[in-house]
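Participant: sequence plus predicted model, see below.
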Amino acid sequence: MSESVNLAPPSDGEVLVIAEQILGELQPVTLELLGAGRYLADKLGGKLSTVIIGHNLGDIPQKLIEYGADTVYVADDPELQDYRTLSYRRVVCDLLETFKLPPHIVLLGSTTTGRDLAPRIAANFETGLTADCTELDIGPYEHKSKVDPSKVGLYEGCLYAIRPSFGESLKARILGPWKNPQMATTRPGQMTPLAPDANRIGKIVNIPVKLQKEDLRLVVAETVREVSKGVRLAEADVIVAGGYGLGSKEGFELMHELAKCFENSAVGASRKVVDLGWIPYEHQVGQTGKTVRPKVYIACGISGAIQHRVGMSKSGTIIAINKDPDAPIFKFAHHGIVGDVYQIVPELIRQFKEKLTTKGEKTVVHTH
Amino acid sequence: MAGPYEIFVLIKQVPDQGSKAGLNPDGTIDRAKAKRMLNPFDRYALQAALHVKRTYGGRVTAISMGPPPAVEILLEALEHGVDRGYLLSDRRLAASDTLATAYALFKTVTHVGKFDLIFCGLQTTDGDTAQVGPQLAERLSLPQVTYCEDFHLDDGRLHARRIIEGGVQFVDCVTPALITVANSYHPLAYKSFRGAWRVQQLQRNPEELGKYIRTVDLDIIQADPERCGLKGSPTIVAATEKVGELGGNCSMYEGHAPDELVGELIEKSNLKEFLVA
Ligand SMILES: Cc1cc2nc3c(=O)[nH]c(=O)nc-3n(C[C@H](O)[C@H](O)[C@H](O)COP(=O)(O)OP(=O)(O)OC[C@H]3O[C@@H](n4cnc5c(N)ncnc54)[C@H](O)[C@@H]3O)c2cc1C
């Protein structure tokens, strides 16, 4: 550390969450951030604010209050209909400038949007930004002066931003007590939202939108969401995922067939098979794919590499089918079948179909 | 169309996490001992930069920041058809976080000169933040297209397809612009024989090589050392903690015929709750 360290300037302990909506629907990560933000703000004795940007936002501001915000800043403008880096950046930077004291903490989700926007805001304010956190807390930071070691400064309200590092084998605590706001993005699916409370009281503040010509340099020609035909990994209750153990592209036909046995299911994949072109990237689960949290995750011929694990380890029940009894996936799966996918999966499908043809049997299958 | 384009591509050398060499017992990397490689995500950025050059004409400059061995990846880039490389190397850059890195790269880019397009990998495998590209774009006041998986140029305008939550977005913007390339873009093609041969020749002649690969430091690029390295970094890694070993509570089904294994699984797991009615 340099010899003369100034710790963060004074703040009101305010926490600001940059909310995210898509087509008027709040993103789950925003609710999680409000939960985390509420905890941090309470610990700091400050307020929890949030800013929502878009057009025709309906009851979103009210909802944000129900989920924990004290103040909701609303930026509503036709030009803000679609997320665009520069125009959203302008709104957030303008808002931050209006604070009498800088917010203590600013949080965004590490979605494609949050990861696009957060670094620009941090760079603009020359402040720190910790990516993809899995835990957030407040703690002390003790600064010992190198010039005069008897001088010890204790800074209480430091954001403890915890993120996995070195391929998830370590948890690193990243601190930035020298500058407010202290900023972080958090991985979807890691924090717990508060239960919504319709009686919670908060303030809704419309903020002026002052876009400049240069903020509109990028034009959105079309946005395509895979609503019906696409891969709905995020919402599926059951995910049947295939890996390199399938041996070939054709193995995914079997995955689809197994998935069809379940209500609200989807097919996932490891990166290796995506890279091999056996299945499109939209199906990839993991560090560089999607993070999923289905009720059941069936991993077929997947070794359970760390980068895959981070994407699916929060699944309710993890079932692994792998012919290697020492495969790492058995270290964190709940149920493991040691066997060849080409023997096990067809048998699973057969037994399910058998159950389904005998109507009513589904409810009488032996339970202990 | 409308070339030629002045194209910059930012690449980084990272420890090879696939190799056990240089891994400390606590799982951290001993950078001195670790095997080194071109950041896998940057391979897509390189491919994108070379694609522009081949399709529309232009010149590709690879820019990297790191200790002296990082020159290896600039040579690799030359083998792939990049025209020249710049390495920013300076001890005062040690422990730079993303903000300080983006500042140093900003100074390097402006030192190298004018450009139409800057390509970056989506993220690195040793930092994993995906922040440096956008932070550089902020300092250069550029529009950016992150998570770009395809693009073309038309009269200097960039038309791109980018990944968004649950879908894709088609955008277009003026150049200059900064693009971070998703790993769903085309993989890097094989090195050309000519490229590899040329680099081999260059390596025999350090003086000639120096014309293609320049190493610069903070003084040359006129960067403020106070804004670099540990001093210029608003964040620090304060502590690391090993993530506990996993597991032990997996119910294993093995050693029987498939129908018995499956029967047992269906009975003991909650799978049946989700079957189609
Ligand atoms: C920066 C980076 C990011 C990454 N991001 C991701 C990511 O997002 N998602 C991801 O998944 N990976 C990711 N990876 C790759 C990851 O490290 C692994 O390489 C990958 O997950 C392995 O895929 P796999 O399990 O399908 O293949 P393998 O590791 O090859 O495992 C195949 C498994 O199948 C079993 N098997 C073989 N034949 C059969 C059979 N007939 N029946 C049953 N079992 C069989 C084998 O025992 C083995 O366990 C990333 C890597 C890096 C470096």
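Facilitator: Looks like it arrived, so ask away.
Participant: partner residues bridging B:T180?
Facilitator: B:C120 (DSSP bridges).
Participant: wait, isn't it in contact with B:L142?
Facilitator: No: using CB atoms under 8 Å, B:T180 and B:L142 do not qualify as a contacting pair, with a distance of 11.8 Å. For every residue, glycine as well, the C-beta is placed using N, CA and C.
Participant: ok, those two, which is more surrounded?
Facilitator: Each of B:T180 and B:L142 has its neighbours counted (other CB atoms under 10 Å in any protein chain shown); B:T180 has more, 29 against 23.
Participant: for that one, list the residues it contacts.
Facilitator: With contact taken as CB atoms under 8 Å, 6 or more residues apart in numbering or on different chains, B:T180 is in contact with B:45, B:119-122, B:130, B:133-134, B:144-148.
Participant: look up how far the ligand lies from it.
Facilitator: Using CB to the nearest ligand atom, to the nearest Å, B:T180 is found at 15 Å from the ligand.
Participant: what's the local residue count around A:P280?
Facilitator: Neighbour tally, A:P280, other CB under 10 Å: 11.
Participant: just the one 4 residues further on next, same as before
Facilitator: Counted with other CB under 10 Å, the burial measure for A:Q284 works out to 26 neighbours.
Participant: where does the residue nearest to it when sequence neighbours are not counted sit: helix, strand or coil?
Facilitator: Nearest non-adjacent residue to A:Q284, counting by CB to CB, 6 or more residues apart in numbering or on different chains: A:V274, 4.6 Å away. What DSSP: H, G, I helix; E, B strand; the rest coil gives for A:V274 is helix.
Participant: quick one, grab the pLDDT at A:V274.
Facilitator: On the pLDDT scale, A:V274 is placed at 89.
Participant: list the contacts of it.
Facilitator: By CB under 8 Å, 6+ apart, A:V274 lies in contact with A:P280, A:Y281, A:H283, A:Q284, A:G289.
Participant: regarding the chain, what is its longest strand?
Facilitator: In the absence of a named chain, chain A is used. With secondary structure taken from DSSP state E, chain A has its longest strand at strand A:152-165.
Participant: other chain: chain B
Facilitator: Chain B, longest strand under DSSP E: strand B:144-154.
Participant: in that one, what counts as buried?
Facilitator: B:Q144, B:V145, B:T146, B:Y147, B:C148, B:E149, B:D150, B:F151, B:L153 (16 or more other CB atoms under 10 Å in any protein chain shown).
Participant: stretch B:210-223 and chain A in contact?
Facilitator: No: for stretch B:210-223, no contact with chain A is found by CB under 8 Å from any CB of the partner chain; the gap never falls below 14.7 Å.
Participant: can you give me how far that stretch is from the chain middle?
Facilitator: 21 Å (CA atoms, centre = their mean, to the nearest Å).
Participant: which parts of the stretch 1-150 of chain B sit against chain A?
Facilitator: B:17, B:26-29, B:97-99, B:102, B:122, B:128-135, B:137-139, B:141, B:143-147, B:149.
Participant: now, which of the residues you listed lie within helices?
Facilitator: B:T98, B:L99, B:A102, B:V132, B:G133, B:P134, B:Q135, B:A137, B:E138, B:R139 (DSSP state H).
Participant: let me see the contact set for the third one.
Facilitator: Residues in contact with B:A102, defined by CB under 8 Å, 6+ apart, are A:P119, A:A123, B:Q131, B:V132, B:Q135, B:L136, B:E138, B:R139.
Participant: can we see that at 7 Å?
Facilitator: A:A123, B:V132, B:Q135, B:L136, B:R139 (CB atoms under 7 Å, 6 or more residues apart in numbering or on different chains).
Participant: for A:L356, same thing?
Facilitator: B:L275.
Participant: so what pLDDT did it get?
Facilitator: 71.
Participant: export the helix or strand hosting it to CSV, keeping only CA atoms.
Facilitator: Per DSSP states H and E: A:L356 is located in helix A:341-357. These are the backbone C-alpha positions of helix A:341-357, laid out as CSV (Å, rounded to 0.1, in the frame of the first residue of the first chain):
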residue,chain,number,x,y,z
VAL,A,341,-25.2,-43.5,-20.2
TYR,A,342,-26.3,-45.7,-23.2
GLN,A,343,-27.5,-48.4,-20.8
ILE,A,344,-28.8,-46.2,-18.0
VAL,A,345,-30.7,-43.5,-19.9
PRO,A,346,-32.7,-45.7,-22.2
GLU,A,347,-33.6,-47.8,-19.1
LEU,A,348,-34.7,-44.6,-17.3
ILE,A,349,-36.9,-43.6,-20.2
ARG,A,350,-38.4,-47.1,-20.4
GLN,A,351,-39.2,-47.2,-16.7
PHE,A,352,-40.7,-43.7,-16.8
LYS,A,353,-42.9,-44.6,-19.8
GLU,A,354,-44.0,-47.8,-18.1
LYS,A,355,-45.1,-45.7,-15.1
LEU,A,356,-46.9,-43.3,-17.3
THR,A,357,-48.9,-45.8,-19.2
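Participant: check which residues of that helix are buried.
Facilitator: Quick answer for helix A:341-357 (16+ other CB under 10 Å): A:V341, A:Y342, A:Q343, A:I344, A:V345, A:E347, A:L348, A:I349, A:Q351, A:F352, A:K355.
Participant: go through the residues you listed and name the one nearest B:V52.
Facilitator: A:V341 (42.2 Å; CB to CB).
Participant: I figured the closest one hits A:N322, correct?
Facilitator: No: using CB atoms under 7 Å as the test, A:V341 is too far from A:N322 to be in contact (8.0 Å).
Participant: list the residues that contact both of those two?
Facilitator: A:G245, A:G301.
Participant: list the contacts for residue 261?
Facilitator: This is for chain A. A:I349, A:F352, B:L275, B:V276.
Participant: hmm, no, I was thinking of chain B.
Facilitator: A:I337, A:G339, A:I344, B:Y253.
Participant: the residue nearest to A:A320 when sequence neighbours are not counted sits in which helix or strand?
Facilitator: Leaving aside its sequence neighbours, A:A320 sits nearest to A:A333 (CB to CB, 6+ apart; 3.9 Å). A:A333 belongs to no helix or strand when assigned by DSSP H and E.
Participant: contacting residues around B:L38?
Facilitator: So B:L38 contacts B:I11, B:Q13, B:I73, B:E76 (CB under 7 Å, 6+ apart).
Participant: quick check: the gap between it and B:F151.
Facilitator: Distance, B:L38 to B:F151, using CB to CB, to the nearest Å: 22 Å.
Participant: what's the answer for A:I138, then?
Facilitator: 43 Å.
Participant: what about the stretch 101-250 of chain B, any weak spots by pLDDT?
Facilitator: B:243-248 (pLDDT under 70).
Participant: now do the helices in it.
Facilitator: For the stretch 101-250 of chain B, the helices defined by DSSP state H, counting those that start in this stretch occupy B:132-139, B:193-203, B:206-212.
Participant: buried deepest among these, which one?
Facilitator: helix B:132-139 (a mean of 26; mean count of other CB atoms under 10 Å in any protein chain shown).
Participant: just to revisit the earlier point, between all of the contacts of B:A102, which two are separated the most?
Facilitator: Pairwise distances across these peak at 10.7 Å for B:V132 and B:R139 (criterion: CB to CB).
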